[in-house]
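Peer 1: only geometry, no sequence info:
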C-alpha cells in the first residue's frame, strides 16, 4: 500500500533572517509562461534606455601643466601612478586615486617627445627635442635635494619616441634611426635604418618581447627582431601612420593610427591586407592604445574626440567628447581595464570610464545580479531594431556631425563613379578593389 505524504523542507521557503527578501517558489515550466519572451523584450528595451541614461563617462580632470600634453605613460607596477610629458619640457607624476600631482620635473628644453617606465617600475626614461635621453628615479629626492637624472645620454639627432623592453634592461628609441640601447652603455648596441628620413614611434611586442615595430615618415611600418642585424619587413601604405600598438593578448596582431582618419589592424604574418579597417574618425588619428584584455582599443584624434573600438569591428562602440577638450594628442588605457586617460592641447589630462554607464564603487550582490541579468537581456535582443537604434545612437558635436555627412557623401560619390567606370569598360579590365586592399601600396621584405 502506498501512502502519499506532503514533505516540505523549511529551507526552501523560510528566510534565514527577517532582513532577507521573501523567498518566492517558481515553476520554470515554459508552458506556464507563454508571454516570457515579450516580457523579456520589454525588460531589454528598458535596460538599454537606462544604460544610455546613466552613461556619464567623464570622471576627473587633472590640470597643472602649462602647455599641451604631448605624451603619457603608465607605471609598470602601480595602477594609480601615471606620468605625463608636456610641450614645454615638463614631466609630471600623478596619483590618480587622490587626483593630485606628486612631482614636477623640468626634464627637457623643448617638447617631451616620449616617456616610458622601466619594467620593474623603479625608474622612467624621457626623450626630448634637446637630443637627450634621460633616466629618472621614480622616487622623489630627499629633502633639500634637487631633481637630477640618474643618467643622461646626448645623441646626434632629435629622438621622437622611446619604449622599454618587458623583462630586460634594454630600451629602444626612434628618430633618424631605430636604436637599441643597453641601460649600462652610452652608445646604442644596434641601429636599424631602411632608407627612411625619420621615425615617429617605436613599440616593443609585449608577448614576443624580442620583436618591435616602428612608424616611419615615408608612410611605412617597419618590423624588427632584436636578434637580427637588419629589419624583417615593412609595409608601405597610402598615407603616413602616426602611432602603433601591439595587442597584449595576440602576439602577431597590431593596430596603427593613420592620417587618413582610419585605424588598421594587421597580422604581421600577412601584411599585404589588413585584418580590419576601423572607420569613424573625421580627422587624423594621433594615438592608439589597447585594453589589457586585448578585446578593445581606444583611439585619440585631431577631431577632438576619443573612440573605443572592438578589435574586430569596423566601427566604434563609444565616442567621448567635451566642449572644452581640444585636439587629443595621446591616450592610454589603464591596466585594470576600467579607465581611459587622455591628454589634449588645452593642458588637461582627463580620466574617463572605459564603460560609460558603469557604476563606480562597491556593488551589493543584488546589484551585481541585476547588472548581469540586464547585460544578458541586451545581448539577447541586441539585433532588434528598437534596441539596436537606442544602443547605437550617440550625440555628436555639430562640426563632427557635418564632417561625417560630408565624408559619407564623398565615399558614396567615389563608389558610384567606380561602378559607372566598371559598367562602361571591357569586362575584367577594371578590377573590383575592396576597402581593405585600397590602403596598402606594397610589402617589402
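Peer 2: All right, it came through fine. Here the structure is a predicted model, which means the values were calculated and not measured. Numbers count the residues shown, from 1 in each chain.

Peer 1: quick one: the helices in this structure?
Peer 2: Here the chain has its helices, by DSSP state H, at 36-53, 365-380, 385-392, 398-423, 435-438.

Peer 1: Buried residues, the longest one. List them.
Peer 2: Read it as helix 398-423. Using 16 or more other Cβ atoms under 10 Å as the test for burial, helix 398-423 gives 400, 403. All C-beta spots, glycine's among them, are computed from the backbone N, C-alpha and C.

Peer 1: Stretch 156-168 too?
Peer 2: Buried residues in stretch 156-168, counted by 16+ other Cβ under 10 Å: 158, 159, 160, 161, 162, 163, 164, 165.

Peer 1: now what about it, what contacts it?
Peer 2: If you take Cβ atoms under 8 Å, 6 or more residues apart in numbering as the criterion, stretch 156-168 is touched by 113-119, 125-129, 131, 133, 170-176, 198-204, 206, 209, 212, 214.

Peer 1: How about stretch 89-97?
Peer 2: For stretch 89-97, contacts defined as Cβ under 8 Å, 6+ apart pick out 62, 64-67, 79-86, 100-112, 115, 126, 128-130, 136, 138, 334, 339, 349, 351.

Peer 1: now stretch 427-444
Peer 2: If you take Cβ under 8 Å, 6+ apart as the criterion, stretch 427-444 is touched by 219-220, 233-239, 258, 260, 262, 264, 271-274, 277, 418, 421-422.

Peer 1: And stretch 193-206, by the same measure?
Peer 2: Residues contacting stretch 193-206 (Cβ under 8 Å, 6+ apart): 160-166, 172-178, 211-218, 220, 222, 231, 234, 240-246, 248, 251, 254.

Peer 1: Quick one: end-to-end distance for it.
Peer 2: By Cα to Cα, to the nearest Å, the extent of stretch 193-206 from end to end equals 23 Å.

Peer 1: Mean confidence (pLDDT) on it, please.
Peer 2: Stretch 193-206 carries an average pLDDT of 89.

Peer 1: buried ones in that stretch?
Peer 2: Per 16+ other Cβ under 10 Å, stretch 193-206 contains these buried residues: 194, 196, 199, 200, 201, 202, 203, 204, 205, 206.

Peer 1: tell me how far it is from the chain's mean position?
Peer 2: Mean-position distance between stretch 193-206 and its chain equals 20 Å (Cα atoms, centre = their mean, to the nearest Å).

Peer 1: Stretch 133-149 now?
Peer 2: Centre to centre, stretch against its chain (Cα atoms, centre = their mean), the figure for stretch 133-149 is 30 Å.

Peer 1: Which residues does it contact?
Peer 2: 75, 91, 93, 102-103, 105-108, 117, 121-128, 150-153, 155, 159, 162, 173, 181, 183.

Peer 1: Which of those residues fall within strands?
Peer 2: Members of those lying in strands (criterion: DSSP state E): 91, 93, 102-103, 105-106, 117, 123-128, 151-153, 162, 173, 181.

Peer 1: For residue 195, give its distance to residue 231.
Peer 2: For residue 195, the distance to residue 231 equals 10 Å [Cβ to Cβ, to the nearest Å].

Peer 1: Can you give me the end-to-end span of stretch 273-280?
Peer 2: End-to-end distance (Cα to Cα), stretch 273-280: 20 Å.

Peer 1: now, among the buried residues of stretch 156-168, which is nearest to residue 300?
Peer 2: Of all these, residue 161 has the smallest distance to residue 300: 15.6 Å, by Cβ to Cβ.

Peer 1: Local confidence estimate at that closest one?
Peer 2: Here the pLDDT value assigned to residue 161 is 94.

Peer 1: if we look at the sheet, which residues does it bridge to?
Peer 2: For residue 161, the beta-bridge partners are residue 174 (DSSP bridges).

Peer 1: quick one on the thing from earlier: now tell me which of the helices of the chain the model trusts least on average.
Peer 2: The minimum mean pLDDT among these belongs to helix 435-438 (a mean of 88).
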